[in-house]
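Student: Below is the sequence, then the predicted model.
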Amino acid sequence: MLNEKEKLEEIIRLGNEVTEIKDLDLLLEKILSKAREIVRADAGSIYVRDEDRLNFTHSQNETLSKKLPPGKKLIYTTFSLPINNNSIAGYVANTGKILNIPDVYELSDDVPYGFSKSFDQLANYRSKSMLTVPFKTSRGDIVGVLQMINAQDERGTIIPFAPGDEPLVAHFANDAAIALERAQMTRAIILRMISMAELRDPKETGAHVNRVAGYSVEIYENWAKRKMISQRTIDDKRDVLRMAAMLHDVGKVAISDLILKKPARLTDEEFQKMKTHTFLGAKLFANPKSDFDEAAAEVALNHHERWDGKGYPGFIDLSTGDPLSGYEIEAGRPRPKKGEEIPLFGRIVALADVYDALSSSRCYKEPWDEGKVLGIITEEAGKHFDPEMVEVFFSCLEVIQNIRNRYLG
């Protein structure tokens, strides 16, 4: 077990580590796992502030996770609660004070907040010690709450959180709050770009792109673990993939409304123009300055390629949209990519995008029955989709369905 000096050194190191993560959801996951690691907490949750409410956005529970089959993740539902003194998290967000409670089942009658046992009863879990800390920025603004549950000693026995852990976790939470604000700003910028596309194409909504990004990250993580890729590499790639996947159709801002909003079937000429949204989106990230720029260009350009070589836009010159030399086919059109010629992120987002399109309501259709959607995905393995990605998709389907329910809209 770490001593106080070692804990402080680890807190400082972790504070630097979380500032490197750009995507909001992945940042919250990292913050919670690292905070739990420092104080040996069995479980924990994060709430993010949204005006006068707290949104329950992330949860981890080691005891419950160990009961799952290998490779499976804990499924949880999201909810929100008011920022007031009635709940533990609400009290911390409302007052800015740290709460260190030895046993949440034994709260004093003179405290204003209470503890709901509903989750424990549903999950057959016993919450006991709880350390709840505000995410407070350098300006003193509270942007969320970090809650850790059931501190453990070296033998795994549940014990109270040590009073000495409070300032250490508060220091980490303050660093994390800065990273959280930055990640929220990045997410807001991306969603504003999506909003521009949504003004042109009603199908391109914030909920849609959040779902596609969430599915893509889950598929990539499961694929990468099968390939024995290091966790550090997985974490880095997940971060850029999530943001890149959100912008997969951003090139549609350059497509005419007459085509985007046409209620009837597109003519062949109109469809050829629609196809150009792939390389027009990729051009936005030309001359890349970061891994994100490279990933965003890769996804925008390749998410309509097909495993069987019948997709688009194929091998093209990004500056002109013309076929690359040596890759022309009849009528001067570029040869489509096929198989592993399609970059990894393109193959992943292709599957995630189609699954969401079929599963979601649109102005022109109702959502398809889940069984029918999954049947199409199965049939298209080796045709539209990389068959290995389809296999991975089904291995994590329960998590993907949970992501869909989290981002309804």
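Tutor: Thanks, I have it.
Student: Report the contact partners of the closest residue to D103 other than its chain neighbours.
Tutor: Of all residues not flanking D103 in the chain, K128 sits nearest, at 5.2 Å (C-beta to C-beta, 6 or more residues apart in numbering). All C-beta atoms are positioned from the backbone trio N, CA, C, and that covers glycine. Neighbouring residues of K128 by C-beta atoms under 8 Å, 6 or more residues apart in numbering: P102, D103, V104, Y105, I149, N150, I158.
Student: now with 6 Å?
Tutor: D103, N150, I158 (C-beta atoms under 6 Å, 6 or more residues apart in numbering).
Student: all helices for the stretch 201-350 of the chain, in order.
Tutor: Applying DSSP state H, counting those that start in this stretch to the stretch 201-350 of the chain gives helices spanning 206-226, 231-246, 257-260, 268-275, 277-283, 291-302, 344-359.
Student: Any idea how many residues pack against L26?
Tutor: Residues near L26, counting by other C-beta atoms under 10 Å, number 20.
Student: who does the helix or strand hosting it touch, helix- and strand-wise?
Tutor: Element membership of L26 [criterion: DSSP states H and E] is helix 24-39. Under the contact criterion of 3 or more C-beta pairs under 6 Å, 6 or more residues apart in numbering; DSSP states H and E, helix 24-39 touches helix 4-18, strand 41-50, strand 53-61, strand 142-152, helix 165-200.
Student: In PDB, list the C-alpha atoms belonging to it.
Tutor: C-alpha atoms of helix 24-39 as PDB (Å, rounded to 0.1, in the frame of the first residue of the first chain):
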ATOM      1  CA  LEU A  24     -15.100  13.700 -22.700                       C
ATOM      2  CA  ASP A  25     -16.400  10.200 -22.200                       C
ATOM      3  CA  LEU A  26     -13.000   8.500 -22.300                       C
ATOM      4  CA  LEU A  27     -11.700  11.200 -19.900                       C
ATOM      5  CA  LEU A  28     -14.400  10.400 -17.300                       C
ATOM      6  CA  GLU A  29     -13.600   6.700 -17.500                       C
ATOM      7  CA  LYS A  30      -9.900   7.400 -16.900                       C
ATOM      8  CA  ILE A  31     -10.500   9.900 -14.100                       C
ATOM      9  CA  LEU A  32     -12.700   7.400 -12.200                       C
ATOM     10  CA  SER A  33     -10.400   4.400 -12.700                       C
ATOM     11  CA  LYS A  34      -7.300   6.300 -11.600                       C
ATOM     12  CA  ALA A  35      -9.000   7.900  -8.600                       C
ATOM     13  CA  ARG A  36     -10.200   4.500  -7.400                       C
ATOM     14  CA  GLU A  37      -6.800   3.100  -7.900                       C
ATOM     15  CA  ILE A  38      -5.200   5.600  -5.500                       C
ATOM     16  CA  VAL A  39      -7.600   5.100  -2.600                       C
END
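Student: Show residues contacting it.
Tutor: 14, 18, 21, 44, 46, 57-58, 60, 146, 148, 151, 165, 176, 179, 183-184, 187, 238-239.
Student: quick one on the thing from earlier: give the helix, strand or coil label for the residue nearest to D103.
Tutor: coil (DSSP: H, G, I helix; E, B strand; the rest coil).
Student: From L68, how far out is it?
Tutor: 22 Å (C-beta to C-beta, to the nearest Å).
Student: And F161, by the same measure?
Tutor: Taken as C-beta to C-beta, the span from F161 to L68 is 26 Å.
Student: Of these two, which one has the most company?
Tutor: Neighbour comparison, F161 and L68: the larger count goes to F161, with 23 against 12 (by other C-beta under 10 Å).
Student: pLDDT score assigned to the more buried one?
Tutor: We have a pLDDT of 96 for F161.
Student: Using the three-state scheme, assign it.
Tutor: coil.
Student: Where does L131 sit: helix, strand or coil?
Tutor: strand.
Student: Would you check how far apart the closest residue to it other than its chain neighbours and V104 are?
Tutor: When the adjacent residues along the chain are set aside, L131 lies closest to F161, with 4.1 Å between them (C-beta to C-beta, 6+ apart). As judged by C-beta to C-beta, F161 and V104 stand 12 Å apart.
Student: what do you get for G375?
Tutor: 46 Å.
Student: So the two - more neighbours on which side?
Tutor: V104 (22 against 12).
Student: ok, that one - contacts?
Tutor: F115, S127, M130.
Student: what about D110, how many neighbours?
Tutor: 5.
Student: Assign a three-state SS to it, would you?
Tutor: Once three-state DSSP is applied, D110 turns out coil.
Student: pLDDT wise, what is it at?
Tutor: Taking D110 on its own, its pLDDT is 94.
Student: Look up phi and psi at it.
Tutor: Phi and psi for D110, reported as degrees, to the nearest 10, are phi -90, psi 10.
Student: what residues are up against it?
Tutor: Per C-beta under 6 Å, 6+ apart, neighbours of D110: none.
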